[in-house]
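# Got a predicted model here, sequence first, then my questions.
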Amino acid sequence: MSIRGNCALCFTDSQLNHSEISRILKLTPSTVIERGQVISEALKKKSDTSKWIYKEPILQGEEVSQTLTRLLERLDHEVINNVIRKSNNSCIAIYINSEMAQIGFELSNKAINLLSKFDLRLDIHILSFGLAED
């Protein structure tokens, strides 16, 4: 079973601008969304928030826990906690998808220990297409 997706670090409505967040964290965001930016042409929907998002992709054959650990090891918890305090909403998000109906993963002790150093919520989003293996 092949799991695709990413682990993401997200800041919403920060008192810091996107350039400041990037400079402080020494990371280039994968996505930046400005308040009022059109996020769906078809629905004519604009974003009501400002977002800075860094995505660490799940590599082929890699476990979700390995990707999360790699992301968390890039971050200095003291530095990031300063950015967290200046943001309305901050989280680590795991986005996974698969064609299979049953998706499971575990978080290693190392990933859990690293995550505990940050004042961040963990969101998990799963998209499954519901297929079954023969």
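Right, received. Where do you want to start?

# Residue 115 reaches residue 71, doesn't it?
No: with contacts counted by Cβ atoms under 8 Å, residue 115 stays clear of residue 71, the gap being 9.8 Å. Using the backbone N, CA and C atoms, a C-beta is placed for each residue, glycine as well.

# So these two - more neighbours on which side?
Taking neighbours as other Cβ atoms under 10 Å, residue 115 and residue 71 compare with residue 71 leading, 23 against 17.

# wait, what's in contact with that one?
Shown in contact with residue 71 (Cβ atoms under 8 Å, 6 or more residues apart in numbering): 7-9, 54, 56, 92.

# okay, and for the chain, where does confidence drop off?
The model of the chain has pLDDT under 70 over residues 1, 131-134.

# can we see that at 80?
1-2, 99-103, 129-134 (pLDDT under 80).

# Quick one: the helices in it, in order.
Ranges of helices in the chain, per DSSP state H, are 18-25, 64-73, 77-85, 109-115.

# Tell me the spacing between the nearest residue to residue 16 once chain neighbours are set aside and residue 114.
Of all residues beyond its chain neighbours, the one nearest residue 16 is residue 86 (5.4 Å), with distances taken as Cβ to Cβ, 6 or more residues apart in numbering. Here residue 86 is placed at a distance of 22 Å from residue 114 (Cβ to Cβ, to the nearest Å).

# What residues of stretch 42-58 count as buried?
Buried residues in stretch 42-58, counted by 16 or more other Cβ atoms under 10 Å: 50-56, 58.
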